[in-house]
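J.: sharing a sequence plus its predicted fold:
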Amino acid sequence: MLAGRRFSLRTAVDLVAGAIDSWLHPRDTLAAAVAAAPAHAEEKHMLSRILRLDCATNANLSREDHRRSGVAMIGWTLVLTLAWMGLRVRFGNTTVIESLSPMPFLFATLYSMRYTYLKERRTSVKVVFIGGFTLICAAILLTAGWINA
C-alpha cells in the first residue's frame, strides 16, 4: 500500500491517522482499505508541481479551510502563550515551566491539522491524534525540564 508513495508529512499523518481510525473503527476501515487504489498518478506530476511551487497544496482543501487553519493556529498560539506567561508569573521562572514554552505553537500546529491534513477523518480520530500527540509532546518537554532542573 505504501510501496508506491514517497515519504512526506502528508503520508506520515495519513499513516498515523489511518492507524488510529482502524483501531477505533476496525469494520469500517477494512472495507475502505480493500477498495483503495494506489496513488501513482500523483507521484508522476510531483516535479512539475515543485517547479510551480505548488507542492504544498492539497486539491481537497478550499480557501476557507486554509483560512480556518490559519485563524486556529494564530488564535491558539496567542491564547496558550498568554496562559504559559501566566504560569511563569505565578510559579516563577523554573526550568519545568520554561520547558513548556514550545507547547503553545506545537498544540496550535496539531489543532490546525483538523482543517487540513485531518479534514476528511472522523472526529474520534482527530481527538485521539491531536490529544495524543499533544500529551506526548508535553510529556517529552516536561521530562526535559525535569532533567534540566
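T.: Now that the structure is in, tell me what you want to look at.

J.: show me where the protein has helices.
T.: Counting by DSSP state H, the chain has helices at residues 9-24, 26-35, 40-44, 46-51, 63-91, 95-99, 103-112, 123-148.

J.: report the inter-axis angle for the first one versus helix 123-148.
T.: In this case it means helix 9-24. Put simply, helix 9-24 runs at 110 degrees to helix 123-148, going by axes from the mean of the first three to the mean of the last three Cα atoms, to 10 degrees.

J.: what residues of helix 9-24 count as buried?
T.: Val13, Asp14, Val16, Ala17, Gly18, Ile20, Asp21, Ser22 (16 or more other Cβ atoms under 10 Å). Backbone N, C-alpha and C define where each C-beta goes, glycine included.

J.: return the most buried member of the helices of the chain.
T.: helix 103-112 (a mean of 19; mean count of other Cβ atoms under 10 Å).

J.: counting contacts, what elements does it pack onto?
T.: helix 63-91, helix 123-148 (3 or more Cβ pairs under 8 Å, 6 or more residues apart in numbering; DSSP states H and E).
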